[in-house]
Every structure is written in C-alpha cells, then in structure tokens.
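1. Could you look at this predicted model? Sequence included:
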Amino acid sequence: MATKTVTLRLLLIGVFFVLLCLPVLQMQLRFCPEPENYENRELAQAPSEDCSLMEYAAGWERYVADNFGFRSYLIRWNSMLKLTCLGVSPVASVILGKDSWLFYHSEALADGNTVNDWRGTIPLSSAELVKLQEQLEANERVFAARGIPYLVVIVPNKNTVYGEYFPETIRKFRSTTRLDQFMAHMRRHSRLAVLDLREALFRAKPEGPQWCNRPRRPRAYASEGAPVRAPETLCTGPSAVPGPTRHPPPP
C-alpha cells in the first residue's frame, strides 16, 4: 500500500513538472499549432541586444508574456469558462446581455459614458447644454458661409434601442438621458437642424433587429442591419434639408 502511495505521488509530481515545461517547449518548438491572433495588436518581439540591461530584461518579460506556449488556448479557455459556466463577460469593455446580446461598456476603457448615460446618472447641466448649442451653431455658421447645409445627426447606442436586452443587474436611475435633455433644449432654444434617429429605429424594431442577429451567436453591432429611413418630422429646426452637394475645396 505504501509503495502504491509513493508511486502515485511520484507520478503526480512528474505530471506537474511536465505541465510546467510544456509551455516552454511549445514556445520554442511550436509542436502544436496556435490559433490565429485576434488581439488587433502586434505581439511583443524578442528584444535586441543593443540596449541597456534593464531594457533587455523588460523586453524579454514583454516577449514571454505575449508569446509563451499555449497562450491563445489558455485565453480562449478562460473566456469560455467565464462565459458558459459563470455567465459573465471575459472582456471588461463588453457587457453580456440577455439572449447572448453583447453591449459596449465604454466606461471600462474611459471611452465615453454609454452605460451611465443610459442609466441617467450623469445629466447635463444648463450651462453644458448652452455650450453644446453655441458650439454647434458656430459650426453651422462656418458651413453656411460657404453655402453648405449643416445637419447634426445623432445615432443612438445599441443599448438605447435594445435596452430590454440589457442585464437585470444594470438598472435605470432616471428615465431621462442626456440626449433627451439635448433634444428638448434644442427644440426650445435653437433653429439648428438636428436629426434624432431613435424614433425611426424604434418603429423599425418589429421588422427585425437593425443590427447583426445571427442564430446561436452573440448579437453585436454590425453593418449588416436593415436600412432605416428617418422621416423629416424627427428633425428639429428646418423641416427640409437639401441632399449632398459637391463643393470646391477651400482655397
């Protein structure tokens, strides 16, 4: 019995060391094909020898972190584990919604306030609304001086149109968003042409999702959505805006 226990322990130790060595062997020999890199960035390269000792060490650390064996598989398995077993998004900038819908979480990358705006937690002040109005009207005057019509078109975020697929853990604090504030302010105080596409997209929802909707795959923004025509009644300011016209370049 004791001999079997010792053998089992030695076997476990051997398997453990083999697993430790496998990434190093894979990194050097590439005996197992790695999946294609989809990180939208160049992986770190081995550092050159004509650099300082500190830079050389840091360069090797970056190289090993980006190229160690089975890295792509481990990242994929970690994502699958979080997604299928834990029901959470493996990417901080992506929110996993209902029915496998995916939503952009811009706050995670300091790239905006899509979620906080949808929740109504960051309303615009009166001074900010006036500043927006003045900036847009100044833009309009610049274009008008060259005979170019100026139309402000606001395309809503996906969670604005399909908020019913947002996870239950994210709830609205107030129903009014910053776009609601802006549109109400512009209707009262400006004749600038502003086109709000939300109503047109809401009306088109019964015809099917206006963004990519592939069966058994996460639904995300895509350019394959059905075209939606926005009526002129959704436009504040002038009721008719001329079509695009070619203008000569500025001198």
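-> Now that the structure is in, tell me what you want to look at.
2. Any stretches of the stretch 1-150 of the chain with poor pLDDT?
-> 1 (pLDDT under 70).
3. Do a quick rundown of the helices in it.
-> 2-29, 53-67, 71-80, 114-119, 126-144 (DSSP state H, counting those that start in this stretch).
4. Determine which stretch of those helices is the most buried.
-> helix 114-119 (a mean of 19; mean count of other C-beta atoms under 10 Å). Every C-beta, even on glycine, is put in place using the N, C-alpha and C of the backbone.
5. Check the offset of that helix from the chain's centre.
-> In terms of C-alpha atoms, centre = their mean, to the nearest Å, the centre of helix 114-119 is set 14 Å apart from its chain centre.
6. Outside of that helix itself, which residues are in contact with it?
-> Outside helix 114-119, the residues that touch it by C-beta atoms under 8 Å, 6 or more residues apart in numbering are 95, 103-107, 122, 157, 159-160, 163, 166, 170-174, 177-179.
7. Show the buried residues in these.
-> 95, 103-106, 157, 159-160, 166, 177-179 (16 or more other C-beta atoms under 10 Å).
8. Could you dump the residues you listed into TSV with distance to residue 53 added?
-> Shown next, in TSV, are the buried ones among the contacts of helix 114-119 (distance: C-beta to C-beta, whole Å):
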residue	distance to residue 53
95	44
103	46
104	42
105	40
106	40
157	48
159	49
160	53
166	51
177	54
178	52
179	54
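9. so which of those residues would you say is closest to residue 37?
-> residue 104 (22.0 Å; C-beta to C-beta).
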